[in-house]
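>>> Sequence below, structure please.
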Amino acid sequence: MCFSLSPYRVVISPETPVFKKDPSKTGHFHFEDPLPYISVGMQAIVEDIVGKTFTPAELSTWNMLSRTKRKYKKRIKKSRSVTSLWLLGVFIRYVFFVPVRLVILAISLTTMVSCTFLVGRLPDGEFKKTMNAFVVCWCFDFVASALSVVGRFHDRQNRPTHGIAVANHTSPIDSMVLATDNCYDMVGQKTGGFLGVFMKALSKSSTHIWFERSSTSQRNNALNKMLDHSQNPSLPPILIFPEGACVNNTSVLLFRKGVFGFDADIYPIAVKFDRRYGDAFWYKHGFFSYCLSLMTSWAIVCDIWYLPPMRKQPDESPLQFAGRVKSAIARKGGLTELDWDGFIKVLNDHDRHSDKKVEKEKTWLKKQQMEFAKHLKPIENEPSI
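From the prediction side, this is the model:
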């Protein structure tokens, strides 16, 4: 039996490689001989901490929400008092909270669409800028109340006034939470559906930048727009999430170097959610279903820290500067730093390429991965060293 030392635990190979022929006589070995060793390495990779950042983090204690009680299922069944308490919580959340929050959401969304349309009709100037800042903050605060979102802001003296604001990314409501306290021009992937309603409404009143991530030309065009925007002190700060994917708020992934090569002020913002009241991580549902999950939570509570502005040093590369900003955010938010690109998740979860050849290749690759994964499933009650 062979074993491999993973950074997190000892992984035991289920079997020792068996050669079909004696290598001392033939001088050769068969292709399948090293597969058990490869299986050990792959098993360690599959279970590593990077994969865990793309799944909801479990709490050490149950918070009375049905979707976080998996590990406490037996305990709940045995305890009548806990079961009764949970049922009471379900009744309160679904019978009282959800209807009220749905009504508030409908009113707030209608108000946002109407107000941004009216602001968009104003002539460009200082008055329009002031009205846009007021309307955006007020409307997002209105929408946040419908989704039970509560933001606690710290170090407001460092709040962005121009340039580029960067933050760690957990869900689409990150932008909404930050916009309740300050006006931003946002950058992001074009999308439709319920989320697209917000994006179209915002675009009527200010210079937000939406683009197709799969298009190289649109990405380059968006980067040029961000550069021009960051050099104009009369425009609101740009808000971006350099990770490029939603993470479960336990870690910070690699920051892409794009905007970190600009000669502009970078305002780091650390966002940390308190999962005791509800989990804000967006990982599989459509946006409207995700909003419903927020409305059935007790609340979505988060802390936001504004860090002092940072600027690239003359002897510093954009990638090094991005790493320095990421480290500052991770330290302030109490998050783990990881040097993995969030695009790993995007490739797996959102196949947005239209080319038929690419589609066939990815379909074939996914099929092979699923078949191979059957042989890599960890064995229960495996021995330890």
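>>> in the stretch 151-300 of the chain, which spans are strands?
164-167, 185-189, 209-211, 238-240, 251-252, 266-274, 300-306 (DSSP state E, counting those that start in this stretch).
>>> out of those, which comes closest to Glu337?
strand 251-252 (5.7 Å; CB to CB). Heads up, the C-betas are built off the backbone N, CA and C, glycines and all.
>>> Now tell me what touches the closest one from outside.
For strand 251-252, the surrounding residues in contact (CB atoms under 8 Å, 6 or more residues apart in numbering) are 49, 53, 168, 243, 326, 329-330, 333, 335-338.
>>> Identify the farthest-apart pair in those.
Farthest pair in the contacts of strand 251-252, by CB to CB: Ile49 and Ile329, 18.2 Å.
>>> which of the two has more neighbours?
Between Ile49 and Ile329, counted using other CB atoms under 10 Å, the more crowded position is Ile329 (23 against 13).
>>> Need phi/psi at Leu235.
phi -90, psi 150 (degrees, to the nearest 10).
>>> Isn't it up against Thr161?
No: using CB atoms under 8 Å, Leu235 makes no contact with Thr161, being 10.6 Å away.
>>> contact partners of stretch 103-115?
With contacts defined as CB under 8 Å, 6+ apart, stretch 103-115 is touched by 135, 138-140, 142-143, 145-147, 197-198, 201, 205, 291, 295.
>>> ugh, typo on my part, it should be stretch 121-138
Residues from elsewhere that reach stretch 121-138, judged by CB under 8 Å, 6+ apart: 115-116, 119, 179-184, 202, 205-206, 234, 236.
>>> Ok, stretch 298-307 next?
So stretch 298-307 is contacted by 63-65, 89, 93, 147-160, 173, 177-178, 181, 267-274, 276-278, 280, 294, 328-329, 332-333 (CB under 8 Å, 6+ apart).
>>> Using PDB, write down the CA coordinates of it.
Extracted in PDB, the C-alpha atoms of stretch 298-307 (Å, rounded to 0.1, in the frame of the first residue of the first chain):
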ATOM      1  CA  TRP A 298     -33.600  35.800   9.100                       C
ATOM      2  CA  ALA A 299     -31.300  38.500   7.800                       C
ATOM      3  CA  ILE A 300     -28.200  39.000   5.600                       C
ATOM      4  CA  VAL A 301     -25.700  40.900   7.800                       C
ATOM      5  CA  CYS A 302     -22.300  42.000   6.600                       C
ATOM      6  CA  ASP A 303     -19.400  44.200   7.700                       C
ATOM      7  CA  ILE A 304     -17.700  46.500   5.200                       C
ATOM      8  CA  TRP A 305     -14.300  48.100   5.900                       C
ATOM      9  CA  TYR A 306     -13.000  51.000   3.700                       C
ATOM     10  CA  LEU A 307      -9.200  50.800   3.500                       C
END
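>>> Report the rounded mean pLDDT for it.
Taken as a whole, stretch 298-307 has an average pLDDT of 91.
>>> show me where this protein has helices.
Along the chain, the segments classed as helices by DSSP state H run 23-26, 35-46, 49-52, 73-78, 80-91, 98-120, 126-146, 173-179, 193-203, 216-230, 287-295, 318-333, 343-349, 356-373.
>>> Show me how the protein divides into domains.
Listed domain ranges for the chain are 3-59, 77-347 (source: automatic domain parsing).
>>> most packed of those?
domain 77-347 (a mean of 17; mean count of other CB atoms under 10 Å).
>>> hang on, the earlier thing: closest one of the contacts of stretch 103-115 to Leu227?
Ser205 (22.3 Å).
>>> Tell me the confidence at the closest one?
At Ser205, pLDDT is 80.
>>> And stretch 297-313, end to end?
44 Å (CA to CA, to the nearest Å).
>>> can you redo the strands of the stretch 151-300 of the chain as a markdown table with distance to Arg101?
Formatted as a markdown table, those follow (distance: least, CB to CB, whole Å):
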| stretch | distance to Arg101 |
| --- | --- |
| strand 164-167 | 25 |
| strand 185-189 | 24 |
| strand 209-211 | 27 |
| strand 238-240 | 25 |
| strand 251-252 | 30 |
| strand 266-274 | 18 |
| strand 300-306 | 11 |
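>>> what's the spacing between the residue nearest to Leu239 when sequence neighbours are not counted and Asn248?
Residue nearest to Leu239 in three dimensions, not counting chain neighbours: Tyr184, with 3.8 Å by CB to CB, 6 or more residues apart in numbering. Separation of Tyr184 from Asn248 (CB to CB, to the nearest Å) stands at 24 Å.
>>> For the contacts of strand 251-252, point out the one with the lowest pLDDT.
Within the set of those, pLDDT is lowest for Ile49 (56).
>>> quick one: which of the strands of the stretch 151-300 of the chain is nearest Ser230?
Closest to Ser230 of those is strand 164-167 (CB to CB; 5.3 Å).
>>> helices or strands up against the closest one?
helix 173-179, strand 238-240, strand 266-274, helix 318-333 (3 or more CB pairs under 8 Å, 6 or more residues apart in numbering; DSSP states H and E).
>>> Return the residues in contact with the residue nearest to Leu239.
With CB under 8 Å, 6+ apart, Tyr184 has these contacts: 136, 160, 165, 175, 178, 236-239.
>>> what do you get if the cut-off is 7 Å, keeping everything else the same?
By CB atoms under 7 Å, 6 or more residues apart in numbering, the residues touching Tyr184 are 165, 178, 236-239.
>>> Let me have the residues you listed in CSV, extended by distance to Ser317 and pLDDT.
Shown next, in CSV, are these (distance: CB to CB, whole Å; pLDDT from 0 to 100):
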residue, distance to Ser317, pLDDT
Ala165, 21, 93
Leu178, 28, 93
Pro236, 28, 88
Pro237, 24, 91
Ile238, 21, 91
Leu239, 24, 91
